[in-house]
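Engineer: Build me a model from this:
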Amino acid sequence: MKSSFLTLIGLLAASVAAGPVPADVGSALEARASGDGSKNAGKDSGKKGTGGTATGGEAKAGNTSALVLPDGRIKADATPESFNVLESVFKSAVVKGDGLKFSDVITFPKVDASLFDKATNTKAFAINIDDKSVFVPKGGEAQSNIRRADLLPSIRSQANDVAVTGVRTMHFSIQRDATKPLNLTHDYQVFNLESKDFSFHQIDVRTGAENGKEIAIFGNSKTTGGAPKIFSTPFGEGKFENFAIKMDFTANTVQVFHSTGNDPLKQVTEPVKNDLAGLGEYHFSLQKNPVGQSPQPAGIKEAVIFGGIFMEDSTSNPVTLQ
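Structural biologist: The predicted model follows:
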């Protein structure tokens, strides 16, 4: 597929999310398309599934000069049905309960705009799970003891593995939904980078179980002795926790930036060694893992809220802090 065609597709995808894209973004996408540029993989969570995410933006929230993927910030007039179409910046087919559409999974709660939604007139969205959130991987068995819904970047975002090479920073904000609380006796995955062969995770973000009311970032799930905890912070209600995860795929390091509410991001770790090999895809998710071998409780209605999702090229650019 020629790079000019990839650029056109990328621009169309970006328009579904955060609105009109500046002319310089086209050249940025084309350049990158040409190649410039947890304890375990989920406690049964990573069973050959394909899941969900999105990205975009740089330097001052609205500046997209270092755009890597179509911007994952959602237009103010978007509806749940916007997530069902091929033009969405997220894959419209996976990962969700068998027989469901993403319009059955996505809602728009009334919350304040996240740190990186304010300047772009974009809005937060919630990923919801219930008893129907049982994923059936293609050619596999139903993940009957897991409840999950994942958003992954659209297929056109994967040209030449643009999001998993060089130095990339993934931005996202997340908060609990007070009206649909999590059951913190369970382990939840809310973000991960899953290897191309679906066998492990290079990065996981989790809450619940041994993490309790904290949200924690873990390194490679294949690490001897278990995935190392890179950073953790309280995960409350009513305010977003904002993250920027800077990944150097050449040096194999991860660095975390964090803030709460409207505060600018601050560096909270130095670059930490972490094996990022394996390529793969990003998942923004609500995945509820079982407690031991116990069946999942029935009658659940749970959600987490995401906002301000975008990825920037940090090869020669500073991480956007506000």
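
Engineer: What about His186, how many residues nearby?
Structural biologist: For His186, the count of nearby residues is 22 (other CB atoms under 10 Å). Every C-beta, even on glycine, is put in place using the N, C-alpha and C of the backbone.

Engineer: you'd agree it is up against Ala209?
Structural biologist: Yes: contact criterion CB atoms under 8 Å: His186 and Ala209 qualify, at 6.2 Å.

Engineer: quick one: contacts of stretch 181-192?
Structural biologist: If you take CB atoms under 8 Å, 6 or more residues apart in numbering as the criterion, stretch 181-192 is touched by 38, 42-43, 45, 53, 172, 174, 176, 201, 203-213, 215, 282-291, 297, 300, 302, 304.

Engineer: Quick one, which of those are buried?
Structural biologist: When the contacts of stretch 181-192 are checked for burial by 16 or more other CB atoms under 10 Å, the buried set is 38, 42-43, 45, 53, 172, 174, 176, 201, 203-208, 211, 215, 282-291, 300, 302, 304.

Engineer: check contacts around Lys273.
Structural biologist: For Lys273, the contacting residues are Asn252, Thr253, by CB under 8 Å, 6+ apart.

Engineer: Bridge partners for it, pull those for me.
Structural biologist: Thr253 (DSSP bridges).

Engineer: Please apply the same query to Phe306.
Structural biologist: Assigned bridge partners for Phe306, using DSSP bridges, are Phe125, Ile174.

Engineer: Can you get me a residue count around it?
Structural biologist: Quick note: Phe306 (other CB under 10 Å) scores 27 neighbours.

Engineer: What score does it have for pLDDT?
Structural biologist: For Phe306, the model assigns a pLDDT of 98.

Engineer: how much space is there between it and Pro297?
Structural biologist: Taking CB to CB, to the nearest Å as the measure, Phe306 falls 24 Å from Pro297.

Engineer: SS state for the residue most central in space within the chain?
Structural biologist: The centroid of the chain falls nearest to Phe284 when counting by CA atoms, centre = their mean (3.1 Å). Three-state call for Phe284 (DSSP: H, G, I helix; E, B strand; the rest coil): strand.

Engineer: Quickly find the element holding the nearest residue to Asn262 once chain neighbours are set aside.
Structural biologist: Closest residue to Asn262 in three dimensions, ignoring its sequence neighbours and counting by CB to CB, 6 or more residues apart in numbering: Leu115, at 6.0 Å. Counting by DSSP states H and E, no helix or strand carries Leu115.

Engineer: which residues of the stretch 1-150 of the chain fall in helices?
Structural biologist: When secondary structure is read from DSSP state H, counting those that start in this stretch, the stretch 1-150 of the chain shows helices at 3-17, 23-33.

Engineer: Least reliable of those helices by average pLDDT, please.
Structural biologist: Note on those: lowest mean pLDDT is at helix 23-33, with a mean of 32.

Engineer: any weak-confidence spans in the stretch 101-250 of the chain?
Structural biologist: Counting by pLDDT under 70, the ranges of the stretch 101-250 of the chain that qualify are 156-157.

Engineer: in it, which spans are strands?
Structural biologist: Ranges of strands within the stretch 101-250 of the chain are 106-107, 122-123, 125-130, 147-151, 167-176, 187-194, 201-208, 214-218, 229-234, 241-248, based on DSSP state E, counting those that start in this stretch.

Engineer: Relative to Thr260, which of those is closest?
Structural biologist: With respect to Thr260, and counting by CB to CB, the nearest of the strands of the stretch 101-250 of the chain is strand 241-248 at 5.9 Å.

Engineer: mind listing what that closest one pairs with, with the direction of each?
Structural biologist: Partners of strand 241-248 in the sheet, by DSSP bridges, are strand 167-176 (antiparallel), strand 253-260 (antiparallel).

Engineer: Out of those, which one sits most buried?
Structural biologist: strand 167-176 (a mean of 25; mean count of other CB atoms under 10 Å).

Engineer: angle of that strand against strand 187-194?
Structural biologist: 160 degrees (axes from the mean of the first three to the mean of the last three CA atoms, to 10 degrees).
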